[in-house]
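J.: Make a model of this:
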Amino acid sequence: MISVTCVAPVNIALIKYWGKRHEDLILPVNDSISMTLSTDDLCAKTTVTASETFEQNRMWLNGDEVPFEESSRLQRCLKEVHRLALKNGNQKVPPSWKIHIASVNNFPTAAGLASSAAGYACLVYSLSRLYNIPLNEELTTVARQGSGSACRSLYGGFVQWHRGALDNGIDSVAKPIASSTHWPNMHVLILVVNDERKKTGSTKGMQQTVKTSQLIKHRVEKVVPERITQLREAIANHDFQTFAEITMKDSNQFHAVALDTYPPCVYMNDVSHRIVSFVHDYNEIMGSYHAAYTFDAGPNACLYVLEENVPSLLNAVQKVFPSDIMDSAAYLRGLAVPKLDSNPKIEASQKIKIESLDSHAKNAFRYIIHTKVGEGPRELSADNSLLFNGLPLDHKG
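T.: Alright, predicted model coming up:
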């Protein structure tokens, strides 16, 4: 019995992937750029165990067994990993051995927080460690076939997923742009508006968009290529002003395309739109971009902010969106935030203007996560395993 356990990060797209040119291979209609988040606060954790005695492939997700043989994506990923293992000449674990997989997320699944990206990245990375396959661009094509954006979670820092041009998808790969240490004071506040499953899943939403949206063609051909170039330059130069503007505009256009889909895909809600208004009001008070929002296919907001500006932004968020559990450890999760008084950069006039912002409905957020740019997947020690003798630790019977 041979086992490995790994963790893999969430990534949040700055320039969005939405729409496929090939459904089965998950080939995107445009390039995308993402930022990897720290695994300390958001991650998937996976244990893969292989044994000659296992009778069939089995998998448990967050404690519940899922039908492995009914998932074409799971089977495709395993088949591709086996192909790479044979290509590398590694026979430590024969491909004929069946595997058992246990995976957990420390954040909500299917709520617009990139759970599938972290999950499939962790699965593919764990399999790569089991079969001794090096992390390379070819491995990102395997993760892509599980969940498109999973290919970006195989690297830390800032990552570009290249659309590719070939029909077989071998050139649709993820490549790192900048490491997690390149912009170390880049932080994120995730405002969890709703952690329930979204009404329209991403796969179905993308299919409808490609079929029915007239805006998607303009986005793919004209808008995204320019933004990719501009954002890469902004990241290279630590240019938060350009970074913020491109990130917010691309989020807005992604949701415009979703609304241009017929029937429309609606992922943001009233609270989401209030967050957008708040960020623009806040930036106007501060005199420049101090925060940038982006929304994936869900109502939750990711606010990008430089570390030195986190106390002021959080103070403003809590002023405008008050909560009865504001002081609870369960409400503000992740990295600690220094008190606002310890930040001398905030002018008194700005503090007064922030205090004048109108408060919205109470208890709009379930909780807030404070995190930062992070590294890619990593292998853990054996005592972190989610499986014992091939079964989940809390498995009954």
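
J.: which one's the longest helix in the protein?
T.: helix 240-260 (DSSP state H).

J.: which strands and helices sit next to the helix or strand that it is followed by?
T.: Counting by DSSP states H and E, the next helix or strand C-terminal to helix 240-260 is helix 270-286. Other helices and strands packing on helix 270-286, by 3 or more Cβ pairs under 8 Å, 6 or more residues apart in numbering; DSSP states H and E, are helix 240-260, strand 292-294, strand 301-306, helix 310-320, helix 348-355. Every residue, glycine included, has its C-beta placed from N, CA and C.

J.: Check the secondary structure at Val220 for me.
T.: helix (DSSP: H, G, I helix; E, B strand; the rest coil).

J.: Can you spell out the domain ranges of this structure, please?
T.: Per the record, the chain has its domains at 2-180+381-392, 186-372, by automatic domain parsing.

J.: pLDDT of the longest one, averaged?
T.: With pLDDT averaged residue by residue, domain 2-180+381-392 scores 94.

J.: Then the last one?
T.: Taken as a whole, domain 186-372 carries a mean pLDDT of 92.

J.: quick one: terminal-to-terminal distance for it?
T.: End-to-end distance of domain 186-372 (Cα to Cα, to the nearest Å): 6 Å.

J.: returning to that earlier point: how about the helices and strands packed on helix 270-286, which one is nearest Arg58?
T.: Proximity to Arg58, assessed across the helices and strands packed on helix 270-286 by Cβ to Cβ, is greatest for strand 301-306 (34.3 Å).

J.: What helices and strands are in contact with the helix or strand containing Gln230?
T.: Assigned by DSSP H and E, Gln230 falls within helix 224-236. Packing partners of helix 224-236 (3+ Cβ pairs under 8 Å, 6+ apart): strand 11-15, strand 32-36, strand 158-161, strand 174-178, helix 240-260.

J.: mind redoing it with 7 Å?
T.: Contacts defined by 3 or more Cβ pairs under 7 Å, 6 or more residues apart in numbering; DSSP states H and E place helix 224-236 against strand 11-15, strand 174-178, helix 240-260.

J.: could you give the angle of the second one to strand 11-15?
T.: The directions of strand 174-178 and strand 11-15 differ by 80 degrees, with axes from the mean of the first three to the mean of the last three Cα atoms, to 10 degrees as the criterion.

J.: contact partners of the helix or strand following strand 174-178?
T.: Using DSSP H and E, the helix or strand that follows strand 174-178 in sequence is strand 186-192. For strand 186-192, contacts defined as Cβ atoms under 7 Å, 6 or more residues apart in numbering pick out 37, 275, 300-307, 310, 313-314, 317, 365-373.

J.: Show me how far strand 186-192 is from its chain's centre.
T.: When distances are taken as Cα atoms, centre = their mean, to the nearest Å, strand 186-192 is centred 12 Å away from the chain's centroid.

J.: Quickly run through the sheet partners of that strand, with directions.
T.: Strand 186-192 pairs in its sheet with strand 301-306 (antiparallel), strand 367-372 (antiparallel), by DSSP bridges.

J.: how many other residues sit next to the closest residue to Ile133 other than its chain neighbours?
T.: Spatial nearest neighbour of Ile133, excluding adjacent residues (Cβ to Cβ, 6 or more residues apart in numbering): Leu84 at 5.0 Å. Per other Cβ atoms under 10 Å, the neighbour tally for Leu84 reads 19.

J.: From the structure, what's the count of residues near Lys362?
T.: Counted with other Cβ under 10 Å, Lys362 comes out at 9.

J.: Might you report the residue contacts of it?
T.: Pro322, Ser323, Asp324.

J.: And what about it, helix, strand or coil?
T.: Secondary structure, three-state DSSP: Lys362 is coil.

J.: how much space between it and Val271?
T.: 11 Å (Cβ to Cβ, to the nearest Å).

J.: again with Asn237
T.: For Asn237 relative to Val271 (Cβ to Cβ), the value is 34 Å.

J.: which of the two has more neighbours?
T.: Neighbours per residue, other Cβ under 10 Å: of Asn237 and Val271, the larger number sits with Val271, 18 against 10.

J.: so the more buried one touches Ala364, yeah?
T.: Yes. Applying Cβ atoms under 7 Å as the test, Val271 and Ala364 come out as touching, 4.8 Å apart.

J.: Just the buried ones from the contacts of strand 186-192?
T.: Buried subset of these (neighbour count, 16 or more other Cβ atoms under 10 Å): 37, 275, 300-306, 310, 313-314, 317, 365-373.
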